[in-house]
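> Predicted structure and sequence below. I'll ask about it afterward.
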Amino acid sequence: MIPPWWVRRLLLAPAVVVLSVVLVVTAPLWLLVALLLAPVVPGRLRPVRVLWIGFVYLLIEAAALITMVVYWVASGFGWKLPSPAFQRAHYRLTGRLLRLLFWQGRWALRTRIVIEGYDPDALGADRPLIVLCRHAGPGDSFIVAHALINWYSREPRIVLKDTLQWDPAVDVLLHRLPSRFIAPGHGEEAERQVAALAAGLDANDALVIFPEGGNFTPERWHRAIDRLRRMGLEGMARRAEAMTHVLAPRPGGVLAALDVARDADVVLVAHTGLDHLLTVGDVWREIPTDKTITMRWWREPVGALPAGRQGRIEWLYDWWARIDEWIERNRP
């Protein structure tokens with residue numbers, strides 16, 4: 001369950017700032033402990049790397065929260081936060097924080113990102129986009145947001161799980177920017193929220209949806225197929241069984257966005273490299289990962305989209321089958 005907003009704002013957010021101050025003050029002690037553990041823990045300086053990434057992430061959280069308090073006061077205690085100027089300020093803040101996080105992540109975890117398909121110029125801000133992303137591995141939503149803001153100069157509107165409101169900086173920031181936190185199982189209500197988010201997209205906006213609804217795991221793969229069979233969709237269930245690296249996409253939110261944003265092109269995003277990391281234990285054992293995250297971007301012009309609900313569902317499944325084949329060819 002998600003705590004009420006006043007608990008998140010008055011307890012969780014200040015606790016993160018206090019914790020970051022405590023960590024800064026006691027950093028030499030923690031570093032000494034990590035260095036003492038490093039020779040007896042498998043992996044190259046694994047405790048030091050984990051400590052550093054946790055330290056950096058907590059400081060980024062605290063810096064974001066403090067900056068947003070300053071923005072709140074400067075906006076007339078929230079009065080002008082919805083204005084274009086403060087929206088741009090929050091996007092710039094997001095871009096800087098993501099750039100810092102990925103810079104440190106590359107150094108500490110020894111990962112790099114390689115982009116295939118469209119380059120930054122080809123995804124220039126010439127018309128709105130609906131971005132449909134494969135969901136697997138730790139931090140892929142951060143990777144997509146980082147690419148859209150810092151490489152492609154886009155202002156993303158993100159549909160994401162309500163549980164991410166436990167993260168104070170994500171909670172505050174994305175409640176100030178166009179986004180929707182959606183709880184699983186709210187079908188029609190979720191579609192209405194996605195449609196509202198898709199309304200009024202301009203040339204540099206990008207609506208980001210993860211049609212699978214969650215990170216890929218074998219259990220979720222089986223549940224998605226069982227769900228289709230319970231709904232009497234045997235043909236879709238068989239197609240989902242043939243896709244072994246992705247979950248069956250849930251078309252409701254995608255169709256709602258396409259119905260509203262009728263002049264938006266569609267960009268599809270696949271990635272591989274960290275998708276085998278399913279648990280915290282998996283992540284711990286892999287650090288430092290020494291991995292290359294390969295991302296593939298496809299752009300589907302709005303004129304190429306089929307008309308009609310069933311045609312678009314088939315189109316979405318066709319693309320997910322194509323993404324599944326790409327992952328099979330490019331997995332490490």
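Looks like it came in fine.
> contacts and neighbour counts: CA atoms only from here.
Fine.
> can you pull the pLDDT of Gly54?
pLDDT, Gly54: 90.
> Glu189 now?
89.
> So what does it have for phi and psi?
Main-chain torsions, Glu189, degrees, to the nearest 10: phi -60, psi -40.
> Could you tell me how far it is located from Val208?
18 Å (CA to CA, to the nearest Å).
> Tell me which of the two has more neighbours.
Counted by other CA atoms under 10 Å, Glu189 and Val208 do not tie: Val208 has more neighbours, with 26 against 13.
> which stretches of the stretch 101-250 of the chain form strands?
Ranges of strands in the stretch 101-250 of the chain, per DSSP state E, counting those that start in this stretch, are 111-117, 129-133, 155-161, 179-182, 205-209.
> can you redo the ones you listed as TSV with distance to Val70?
Putting the strands of the stretch 101-250 of the chain into TSV (distance: least, CA to CA, whole Å) gives the following:
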stretch	distance to Val70
strand 111-117	33
strand 129-133	31
strand 155-161	22
strand 179-182	21
strand 205-209	26
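> Please identify which of the ones you listed is closest to Arg96.
Checking the strands of the stretch 101-250 of the chain against Arg96 by CA to CA gives strand 155-161 as the closest, at 13.4 Å.
> residues making contact with that closest one?
Contacts to strand 155-161, defined as CA atoms under 8 Å, 6 or more residues apart in numbering, come from residues 91, 145, 148-149, 177-184, 194, 197, 204-210, 213.
> ok, that strand: who's next to it in the sheet?
Here strand 155-161 has these sheet partners by DSSP bridges: strand 179-182 (parallel), strand 205-209 (parallel).
> And the contacts of the first one?
Contacting residues not belonging to strand 179-182 are listed as 157-165, 174, 190, 193-194, 197 [CA under 8 Å, 6+ apart].
> ok, now with 6 Å
Contact partners of strand 179-182, identified using CA atoms under 6 Å, 6 or more residues apart in numbering, comprise 157-162.
> Can you select the buried ones among those for me in ChimeraX?
In ChimeraX, a selection of the buried entries from these looks like this (16 or more other CA atoms under 10 Å):
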select :157,158,159,160
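> If you count contacts, what does the helix or strand hosting Leu258 end up packed against?
In the assignment (DSSP states H and E), Leu258 maps to helix 251-260. The contact analysis (3 or more CA pairs under 6 Å, 6 or more residues apart in numbering; DSSP states H and E) places helix 251-260 against helix 187-198.
> rerun that using 8 Å as the cut-off
helix 187-198, helix 309-330 (3 or more CA pairs under 8 Å, 6 or more residues apart in numbering; DSSP states H and E).
> Select, out of those helices, the one closest to Ala257.
Comparing those by CA to CA, helix 187-198 comes nearest, at 5.1 Å.
> quick one, the closest one and strand 205-209 angle?
Angle, helix 187-198 to strand 205-209, by axes from the mean of the first three to the mean of the last three CA atoms, to 10 degrees: 160 degrees.
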